[in-house]
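Visitor: the amino acid sequence is not available; the structure is as follows:
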């Protein structure tokens, strides 16, 4: 096993990796840590036992870091507002910034990842608006909501250089195969 981070994401895999397995694996010097999506009590259990852990839940990451001992977060939101997420994780407790970002985090996970972030990156002009089926972009109402979120948070905090726009359905390319 090379340097490894175990991803425990039961919502994606349908399987929770139990703490006893993580504790056993943590004896290996090549285990870098765990991305934990079960919640903050699990984060706390690991940190209290010397296991390096990153929050896997963007909406819990602030509290996970500052109240439960997480090292940081492995984050979807960081793809859009990396500077703000860095500030949230490493510049001290900031409940105000956390509250400001929570609506964006909720928006990103309205549908399963990566639908939200791919829609957002297309609207920011960072990536081409191409989706591989069965994934499709968020509906127009959610795309309009994203434009509003960008304006509320501040365009300068988001990746890319183009102004945010609500793309029309016809702007997206849907492909069925590679």
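Guide: Great, that's in hand. Remember, it's a predicted structure, so these values are computed and weren't measured experimentally.

Visitor: hey, let's count contacts and neighbours off CA atoms from now on
Guide: Will do.

Visitor: what are the buried residues along the helix or strand bottoming out on mean pLDDT in the chain?
Guide: In the chain, no helix or strand scores lower on mean pLDDT, DSSP states H and E than helix 10-13, which sits at a mean of 92. By 16 or more other CA atoms under 10 Å, helix 10-13 has no buried positions at all.

Visitor: contacting residues around that helix?
Guide: Residues outside helix 10-13 that contact it (CA atoms under 8 Å, 6 or more residues apart in numbering): 16, 17, 37, 38.

Visitor: list phi and psi for the first one.
Guide: By that I understand residue 16. The phi/psi pair for residue 16 (degrees, to the nearest 10) reads phi -90, psi 130.

Visitor: give me the residue at the spatial middle of the chain.
Guide: In the chain, the C-alpha nearest the mean C-alpha coordinate belongs to residue 76, at 2.3 Å (CA atoms, centre = their mean).

Visitor: and that residue, what is it in contact with?
Guide: Neighbours of residue 76 in contact, by CA under 8 Å, 6+ apart: 58, 108, 117.

Visitor: out of the residues you listed, the closest to residue 102 would be?
Guide: Nearest to residue 102, judged by CA to CA, of the contacts of residue 76 is residue 58 at 8.4 Å.

Visitor: quick revisit: list the buried residues of the helix or strand following the least confident helix or strand of the chain.
Guide: Heading C-terminal from helix 10-13, the first helix or strand you meet, by DSSP states H and E, is helix 19-25. Burial within helix 19-25, assessed by neighbour count using 16+ other CA under 10 Å, is assigned to residue 22.

Visitor: what's stretch 45-54 in contact with?
Guide: Stretch 45-54 has contacts (CA under 8 Å, 6+ apart) with 19, 23, 26, 32-36, 43, 68-74.

Visitor: measure that stretch end to end?
Guide: 12 Å (CA to CA, to the nearest Å).

Visitor: quick check: buried residues in it?
Guide: So stretch 45-54, judged by 16+ other CA under 10 Å, has buried residues 46, 47, 51, 52, 53, 54.

Visitor: what of stretch 159-174?
Guide: For stretch 159-174, the neighbour count (16+ other CA under 10 Å) marks 159, 160, 164, 165, 166, 167, 172, 174 as buried.

Visitor: restricted to helices, list those residues.
Guide: Secondary structure defined by DSSP state H assigns none of those to helices.
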